[in-house]
Every structure is written in structure tokens, then in C-alpha cells.
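Peer 1: A predicted structure for the sequence below; I have some questions about it.
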Amino acid sequence: MTMAAAGFRRYGGPEVLEVMRVAMPAAGAGQVLVKVEASSVNGGEIAQRRGKLRALARVSLPRYVGIDFAGEILALGPGVTEFSIGDRVWGTVDERGSVGAAAEAVAIDTGRVSRMPEGWSAADAVSVLAGAATAVVGLRDKARLRAGERLLVRGASGGVGSVAVQLGRMYGAHVTALSSQSSEQFVRGLGADEVIDYRTSLDAIGTFDVVFDTRGTDLWELRKHLAPRGRMVAVSFDVDRKARSLAGIAASSIFGGRRIRFFLGHPTAALIGEVARLAEDGHLQPIVDEVYPLDRIGDAHARLEAGGVHGKVVLVVEETASGAVD
């Protein structure tokens, strides 16, 4: 059997993306086979598709896209007892691997999947999952954000930043959002106490106990705005100046006390389950910017690249994606 999966055979703009026919995966030992109902477009995929990460990670072509997914379990692999066929689940694939979630089905280790929040649609679920898993680790574990502290979220209207604003509010911080003027009401609605236009000079933004950065540029300058004993977490780096950006992150741990904590999220089932509980308890709200069918994967990527996105660009996967090529 075959299925539809989105990917690219060469590097370039959104036009290189296509929906291909690939072999339907089977659930191996310790895995479940999930019928994917929705996935989303993530910023790292844009850089990878454009070939900007080739110097850092070798990948073979064709490359399949999609990191997060939500859907229904179709089959259980040997040894799986914690799930049942028909369970509605969400999870993430390993972005370093060869499998993409923007497909009709995915076979996934049970350690990377959990039950979806009760009452949430698949599209709502993928609008939150990756961003929430990243923001929980960044704010709670890496920055150890405490109630009453001043938090700056850079890129506050995007897929990760919009969840970081919500979590900052939940943790009791005073949240300042760095975003566009057109996004002010949006980020205030998520819980931001103050909003600063991203075009404002960094010299004028003030001082913060924690800086959570989703953009990856000007990190060395941004760290100057940390209070004594302040903490900075970056979940991206400057893909156009990779060596300089990564060197700056490394140097920050040597020179001075304001280290930049950089990490890439690899969510576990426990973390995904925790995010589900936060959603069910009302601490997180889904934020869907636009929804595209899988066969418009190129348009979905173009939407994210155009900027001004609030939350996530979502892909919905129909029973049989039209236009797939071998």
C-alpha cells in the first residue's frame, strides 16, 4: 500500500514542495500507526527546505516535511499495551530523521506520543503542541521562570512565542511581548502585559529577568538587557550567519554571567502528556492562523514565509490527498 506524503526533491522556495506517493509504514515493536488528520508548518522546515542547514546536518533527498501531528491510532505494534486502536493522539516525529508528519499516516514510537486534549480538534492540537513543548522546557526547566519576574518574549505572535506568552502568564510573570504593532491586540489577548514594536531599537527595550527568544538574531546584543542573575533562552539561531550565531551562543557561557541557553526540543510522551493537561485545564488556547489541505503544502509554506502569522499555519490531511506523484 502507498500513501501521500509532502516533501521536496531539491532545495529552494515553496514551489519545490510536492505531495508524493510513498510506502505506507507499519507499526514496529513499541510503535503505533497513526492516521494523521493534521500537521503544521514549522520555521525550521523553511530553513531546511531552502538548504540553509546543509552545513550543519546531512540530509538525503527527497526530504519529507512535518514535525507535529494529531490523529487516530490505526494499528498497534508488538508490545504496545498503553494505547488502543481508535485512540485520538498527538505527538512529534524526530526532525533529525527521515520521516515527516505531513503525510496520511506515521508509525511512531510510543515514547513520542500521548492522548490529545479532550474536546480538541486535530487542527487545534497541532497549533499548540510543538510550541508548548518547547516553551515549557525553555521557561520552566531552562530559565526557571518565577512568579513576579519580568519576562520578554521575542517573536511573541508566532507558533512558539504565542504559547510562551500564555505560559508566562500562567507562571505569574510580568510578560512583555516583542512583536509587530499589528499584533498588539492579539498578544495582549494571550496575556501580555506590555507590547513593544519589534522595530524598536534594542537599546530602548528595558531590562528583564528572563528573555525567551524565538528569532535567533542579535542574541549577543539582546543578552545585555538581562538583569543581574538574568537568564536567556534561545530556541533558534541566525541561519544566515550560522557560524557567528552559534559561536556567540557558545561564547556567552564563557564571558560574563549572562549565558544564552540554546536548545532544540525533542518532546517525550511525558512532556506531551503534560501539555495536554495544561490545555485541558484551560491554560493554553489553540491559535490557528490559516488552514491548508496537504496538496497545498507550497501555499502553506509561503504563508509562513510571508510573515505576520498569528500562531500556526495548519495542514489538514484528507483521506486521500489529490495530486500526489510517484
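Peer 2: Nice, I can see it.

Peer 1: in PDB, list the C-alpha atoms belonging to the one helix or strand D299 maps to.
Peer 2: Using DSSP states H and E, D299 sits in helix 297-306. Coordinates of the C-alpha atoms in helix 297-306 are reproduced here as PDB (Å, rounded to 0.1, in the frame of the first residue of the first chain):
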ATOM      1  CA  ILE A 297       1.800  22.400   1.100                       C
ATOM      2  CA  GLY A 298       3.600  25.000  -1.000                       C
ATOM      3  CA  ASP A 299       1.000  27.700  -0.200                       C
ATOM      4  CA  ALA A 300       1.200  26.800   3.500                       C
ATOM      5  CA  HIS A 301       5.000  27.300   3.500                       C
ATOM      6  CA  ALA A 302       4.600  30.600   1.500                       C
ATOM      7  CA  ARG A 303       2.200  31.900   4.100                       C
ATOM      8  CA  LEU A 304       4.600  31.300   7.000                       C
ATOM      9  CA  GLU A 305       7.500  32.900   5.000                       C
ATOM     10  CA  ALA A 306       5.400  35.900   4.200                       C
END
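
Peer 1: contact partners of it?
Peer 2: 6, 13-19, 41, 43, 45-46, 49, 65, 102, 289-290, 292, 309, 313-315 (C-beta atoms under 8 Å, 6 or more residues apart in numbering). Backbone N, C-alpha and C define where each C-beta goes, glycine included.

Peer 1: let me see the ranges of the strands in the stretch 101-250 of the chain.
Peer 2: 105-109, 113-115, 150-154, 174-179, 194-197, 208-213, 226-234 (DSSP state E, counting those that start in this stretch).

Peer 1: returning to what we had before: mind listing what's buried along the helix holding D299?
Peer 2: Neighbour-count burial for helix 297-306, with 16 or more other C-beta atoms under 10 Å as criterion, is recorded at 297-298, 300-305.

Peer 1: where in the chain is pLDDT low?
Peer 2: Within the chain, the segments meeting pLDDT under 70 span 55-58, 237-259, 262-263, 265, 319-326.

Peer 1: right, and T134 touches G161 too?
Peer 2: No: T134 is not in contact with G161 according to C-beta atoms under 8 Å; the separation is 10.0 Å.

Peer 1: packing partners for the top helix by length along the chain?
Peer 2: The residue-count maximum for a helix in the chain (DSSP state H) belongs to helix 269-280. On a contact count with 3 or more C-beta pairs under 8 Å, 6 or more residues apart in numbering; DSSP states H and E, helix 269-280 meets strand 88-92, strand 113-115, helix 129-136.

Peer 1: recalculate using a threshold of 7 Å.
Peer 2: strand 113-115, helix 129-136 (3 or more C-beta pairs under 7 Å, 6 or more residues apart in numbering; DSSP states H and E).

Peer 1: what lies in contact with that helix?
Peer 2: Helix 269-280 is contacted by residues 90-91, 110-118, 120, 128-129, 132-133, 136, 284 when judged by C-beta atoms under 7 Å, 6 or more residues apart in numbering.

Peer 1: tell me which helix or strand comes right after it.
Peer 2: Using DSSP H and E, the helix or strand that follows helix 269-280 towards the C-terminus is strand 288-293.

Peer 1: any chance you could list what contacts that next one?
Peer 2: Residues from elsewhere that reach strand 288-293, judged by C-beta under 7 Å, 6+ apart: 123-124, 127, 299-300, 303, 309-316, 318.

Peer 1: and with 8 Å instead?
Peer 2: Residues outside strand 288-293 that contact it (C-beta under 8 Å, 6+ apart): 123-124, 127, 299-300, 303, 309-318, 321.

Peer 1: mind listing which of these are in helices?
Peer 2: Among the contacts of strand 288-293, the residues falling in helices (DSSP H) are 123-124, 299-300, 303.

Peer 1: now the residues you listed in CSV, with distance to Q185?
Peer 2: Formatted as CSV, those follow (distance: C-beta to C-beta, whole Å):
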residue, distance to Q185
A123, 23
D124, 21
D299, 26
A300, 25
R303, 21
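
Peer 1: what is the most widely separated pair among these?
Peer 2: Spanning the widest gap among the ones in helices among the contacts of strand 288-293 are D124 and D299, at 20.6 Å by C-beta to C-beta.

Peer 1: all good on my end, thank you.
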